[in-house]
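Colleague: Predicted model and sequence follow; I will ask about them next.
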Amino acid sequence: MSLNWAAAVGAGIVAGTLATAIQLFLWWAFLDALPWMLYRDARLTAAILMGREILPPPATFDWTVMMVATLIHFAISITYSLILACLISRLEMALSLLAGSIFGLILYGINMYGLTLIFPWFWEARDWITILAHIVFGISMAGTYKAFARQEL
């Protein structure tokens, strides 16, 4: 099976949404930190384009920050999805899900340790919830890609 671009883009959107939903749930369930953590992470992400000046506390709601963070989040999710889709396009579902979980762990390392060399403010997001969200992203992206690609055949 060759790479299905539409399925990869759709899978990136689904996986980015699901991973965010899981992260929000875990923040609420284990840290009782909503909405503060959401606002903080939105500012961390939006600062990639908007600059460091949006980082200082308080982490409050801002429409511009939320929109920029959302655009960045989905652009990155789709990009990562295209990469994983290339890697798993010829694999069966079970191996794709395993590859997705490993890919999610690798993305955590890249995002939380590699990219902090350029965007050092992301060190704040290094925690078990973020690790789990990355694993969920990889698994859900792999499964969704396989399901979407199969439907189009």
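Modeller: Ah, there it is. As the structure is a computational prediction, the values presented were derived from the model and not from experiment.
Colleague: ok, and what's touching stretch 50-58?
Modeller: Stretch 50-58 is contacted by residues 43-44, 46-47, 62, 64-65, 68, 121 when judged by Cβ atoms under 8 Å, 6 or more residues apart in numbering. Backbone N, C-alpha and C define where each C-beta goes, glycine included.
Colleague: repeat that with 10 Å
Modeller: Stretch 50-58 is contacted by residues 36, 39-40, 42-44, 46-47, 62, 64-65, 68-69, 72, 119-121, 124 when judged by Cβ atoms under 10 Å, 6 or more residues apart in numbering.
Colleague: Out of those residues, which end up buried?
Modeller: Buried by 16 or more other Cβ atoms under 10 Å: 39-40, 42-44, 46-47, 62, 65, 68-69, 72, out of the contacts of stretch 50-58.
Colleague: Serialize those to JSON lines and add fields for distance to residue 105.
Modeller: Output for the buried ones among the contacts of stretch 50-58, formatted as JSON lines (distance: Cβ to Cβ, whole Å):
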{"residue": "39", "distance to residue 105": "27"}
{"residue": "40", "distance to residue 105": "23"}
{"residue": "42", "distance to residue 105": "24"}
{"residue": "43", "distance to residue 105": "25"}
{"residue": "44", "distance to residue 105": "20"}
{"residue": "46", "distance to residue 105": "25"}
{"residue": "47", "distance to residue 105": "25"}
{"residue": "62", "distance to residue 105": "32"}
{"residue": "65", "distance to residue 105": "28"}
{"residue": "68", "distance to residue 105": "27"}
{"residue": "69", "distance to residue 105": "23"}
{"residue": "72", "distance to residue 105": "21"}
